[in-house]
Each structure stands twice: as structure tokens, then as C-alpha cells.
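Engineer: Build me a structure from this.
(one chain, ligands or ions: 2)
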Amino acid sequence: MAQTATRSKPSTRGGGKSRRSPVRRSGGRFDGESPELLRDYFREMTLIRRFEERAAQGYTQAKIGGYCHLNLGEEATVVGLMRALRKTDLLFTNYREHGYAIAKGIEPGRVMAELYGRTTGTSKGWGGSMHMFDVESGLLGGYGIVGGQVPLATGAALAVDYRGGDQVVMCQMGDGTTNIGAFHESLNIAALWNLPVVFVVINNQLGMGTTVERSSAESELYKRAVAYKMHGERVDGNDVLAVRDAATRLVEGARNGDGPALLECVSFRLKGHSVVDPAKYRSEESVQEAREHDPVAAFRAQLIEAGVLDEDGAADIEGKAQADADAAVAFADDSPHPDVSTLFDYTYATPVANDSRRLPADPVF
Ligand SMILES: Cc1ncc(C[n+]2csc(CCOP(=O)(O)OP(=O)(O)O)c2C)c(N)n1
Ligand SMILES: [Mg+2]
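Structural biologist: Ligands and ions are numbered 1, 2, ... in the order given. Okay, the predicted model is just below:
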């Protein structure tokens, strides 16, 4: 399904060679792949699935407040993308980021504790579902404003370039985000300045209750790259290996001076926009189609068919994933709430009137 829209622009950064020639796999689907790695992808996809199910449960038990958007149906995309990044690479996402936080290396317990609003959470319980943040693992947020992350990610890429580092910034967003002005401004400046950033559009075909065809005049979103002389590419977001390979090529290209790129991952949102959305606007056929594309079930079946896993092995991984998700819930539930005396902490980065405690914040990366 891979499709590309290519730019023609000389490389100005790093002087490295372009690595954008497509990766080809010959013969069987998993030829040349490490069985251990394949099982590890399945483990992580299953962990995210179980984690999100427990998050939905926690929400209905009123353990989680605010908004809560899940990665159900997007597990192959999440894992494939994160396997293309180094730990030191920087990631910006929208509010649908629990899976990304886990796959970028944050302990599931800390992610669940953030959902529960506890001090052990990634943002000390102040951010909640939409505002995970962890400098150590390179997750620079979690943003609730649609498109809010796109200029920030572009600015981070400018900072990396300015300092001469070899990090790459990945900026995840949804299909609906490609119609926000900041998307176009950011892609334009990133291309003009040849910044090391890969923009990734998760085209789950819905922006809340609106289909991509109803909201985007050009619904093949990777083609928008052409307007900025940027490389654009579309992959099957249900195929963890295709996502990993495409993302790796683009990330390494950006690292070697090829500049920014746009990757569109076509996926299916299995549930409502957020956990409180019953998605009544959705046709029975669209829900059925999404279920048929369930990436976790499909990958499981493919691994068994290829002899990489057997039923017992799959059940073992699933049991462990369930136990890990349960342990994350137990950790969150046992963690303390923030003390009321800290109510105004982390509100301003710089000193505010009548508050002598605060100092200007140090740079975060
Ligand atoms: C600037 C702004 N406008 C509107 C909203 C309300 N809103 C929240 S999510 C969303 C849909 C975004 O869809 P998409 O970018 O496809 O992401 P997805 O939820 O599918 O991951 C909208 C309109 C918002 N949060 N911010
Ligand atoms: Mg969407």
C-alpha cells in the first residue's frame, strides 16, 4: 500500500546520503526478521491494548477524570513508529498518547498514575490523560489543543539543528490536524530550514465524528507534503513492520540531513473519539470494517501462521500483558494524590507577583 509523493530538494544538513530507497522484503512476510523482535512487537501491542482497556475501566469507575482518548486500533502504528526512534530522539503527540508514552519507554505504572492524577505520574498528576511529559524518555508532550504540538515540534527541531545535535523530532498528529493553520506554517518553515523533523499523521479516518473525506478536500493526506517540497509517504498503519520500516527510513533521512518528511499511517479507530463517546454517528459497516482490521488480532494470527508463535506462547504473552496492565492500575491506585498546598505549582515557568518561591525554569532538553 506504500505510496509516495517525493520532493526534489538538495540536502543541506549533515551531508549524509539519502536513505529513502524503499526497504523490500522478499518471499514470506517475516523473512529476515528476528523472531524475538516480532514477539516483542506483539507483546508491546498487546500491552497497549490491555492498558487502554484498563484505562477505559478506570474512567467508568471515576478513578480517571477529564478527557481520555485511547489508542485502541492504533497499536501497530504506535509500536512501529516508536521502534524507529532512539531513546534520545524527541516525540511530540496529540492527546491520544498513552501507547506512545509506554512504547517510548515510560513505565506503564507512571502512565496510569498520570491518568489517575497521582504524584507518581509522568506529570506528577497535574497533566492527566492528554498531557504526559517525560524529558528522560524524550516525550515532550501530550497536547490537548489540536495542532498545538506541531509548531512546538518544529521549534524543537530548530533547537536540535541550532545546537548541532543528531536527534530527530517526531511529531504525531491526527488526520483532522492537517487542516489547522499551524500544520501548514510548520511544514513550510521546517522545509525551508531543512529541519530534522518527521511529521506523522495518524489517519484513523475520523476527527471526532467527522470522516476525513468530509473534512479534507484531498483525503490522501501524505500528498500535502508536495506543497512544501517535502517527501510524503502513506503506509498501512495496521502493519507494524511497514510502519517501522517507513518511519526508520524517514527518521534516519532526517538525521542525515535530508530534512523533514511527512508520513501518513492509515489506521482504524476501534472505539469512540474518547471513552465517553458512544460513536452513534458511525455506521455499522464502518465499525465492522475497523474490527476486521484489528491490528493486534491480525498480527497474532500472522505470527502463529508463520510459526513464530504458537497458541500457548501467544496466551503466555497475553497473560503477562494483562498482569502488567493490572500492576499499572494497582501502582496508580496505591499512589498519593497531590497535596492541596501544591495547587499553584507548575503553573508559571517564571516568577509571578507575590510568589517568591518560583525561579525561571531550566531548559527542558
Ligand atoms: C484547536 C482545537 N479545535 C478543536 C478541538 C476539539 N477537538 C478535539 S479532538 C478533535 C478532532 C481531532 O481529530 P484528529 O486530528 O483526526 O485526531 P484523532 O482524535 O482522530 O486522534 C477536535 C476537533 C481542539 N481540541 N482544539
Ligand atoms: Mg483522526
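
Engineer: so what's the residue of the chain found nearest ligand 1 bridging to?
Structural biologist: Residue of the chain nearest ligand 1, by CB to the nearest ligand atom: Gly174 (2.1 Å). To be clear about C-beta, it is placed using only N, CA and C from the backbone, and glycine gets the same treatment. In this entry, Gly174 is beta-bridged to Ile202, by DSSP bridges.

Engineer: burial measure for it, as a count.
Structural biologist: A count of nearby residues for Gly174, using other CB atoms under 10 Å, gives 26.

Engineer: just checking, it touches Val146?
Structural biologist: Yes - counting by CB atoms under 8 Å, Gly174 does reach Val146; the two are 7.5 Å apart.

Engineer: Overlap in contacts, these two.
Structural biologist: When CB atoms under 8 Å, 6 or more residues apart in numbering defines a contact, the residues bordering Gly174 and Val146 alike are Asn94.

Engineer: hang on, the earlier thing: which residues touch the residue of the chain closest to ligand 1?
Structural biologist: Contacts of Gly174 by CB under 8 Å, 6+ apart are Asn94, Arg96, Val146, Val201, Ile202, Asn203, Asn204, Gly207.

Engineer: what's the answer for Tyr222, then?
Structural biologist: Neighbour list for Tyr222: Gln3, Thr4, Ala5, Val201, Gly232, Glu233, Arg234, Leu262, Leu263, Glu264 [criterion: CB under 8 Å, 6+ apart].

Engineer: The residue of the chain closest to ligand 1 and ligand 2, how far apart?
Structural biologist: The gap separating Gly174 from ligand 2 is 4 Å, by CB to the ion, to the nearest Å.

Engineer: what's the answer for Ala191, then?
Structural biologist: The value you get for Ala191 to ligand 2, if CB to the ion is used, is 24 Å.

Engineer: Does that residue belong to a helix, a strand or coil?
Structural biologist: At Ala191 the chain is in helix, as set by DSSP: H, G, I helix; E, B strand; the rest coil.

Engineer: ok, now how distant is the nearest residue to it once chain neighbours are set aside from Val160?
Structural biologist: Among residues not flanking Ala191 along the chain, Tyr228 sits closest, at 4.2 Å (CB to CB, 6 or more residues apart in numbering). Computed with CB to CB, to the nearest Å, the distance linking Tyr228 and Val160 is 19 Å.

Engineer: My guess is Glu33 contacts Arg244. True?
Structural biologist: No - using CB under 8 Å, Glu33 makes no contact with Arg244, being 10.1 Å away.

Engineer: which SS class is Thr77?
Structural biologist: helix.

Engineer: Tell me who's in contact with it.
Structural biologist: Thr77 touches Ile202, Gly237, Asn238, Val240, Val243, Cys265, Ser267, Pro295, counting by CB under 8 Å, 6+ apart.

Engineer: helix or strand for Gly253, which one?
Structural biologist: helix 240-255 (DSSP states H and E).

Engineer: Could you count how many residues lie near Asp175?
Structural biologist: Asp175 has 24 neighbouring residues, counting by other CB under 10 Å.

Engineer: do you know how far it is from Thr211?
Structural biologist: From Asp175 to Thr211 the distance is 9 Å (CB to CB).

Engineer: re earlier: hmm, which two among the contacts of Gly174 are most spread apart?
Structural biologist: Pairwise distances across the contacts of Gly174 (CB to CB) peak at 14.5 Å, for the pair Val146 and Asn203.

Engineer: neighbour count winner among these two?
Structural biologist: Shown here are Val146 and Asn203; by other CB under 10 Å, Asn203 has more neighbours (24 against 19).
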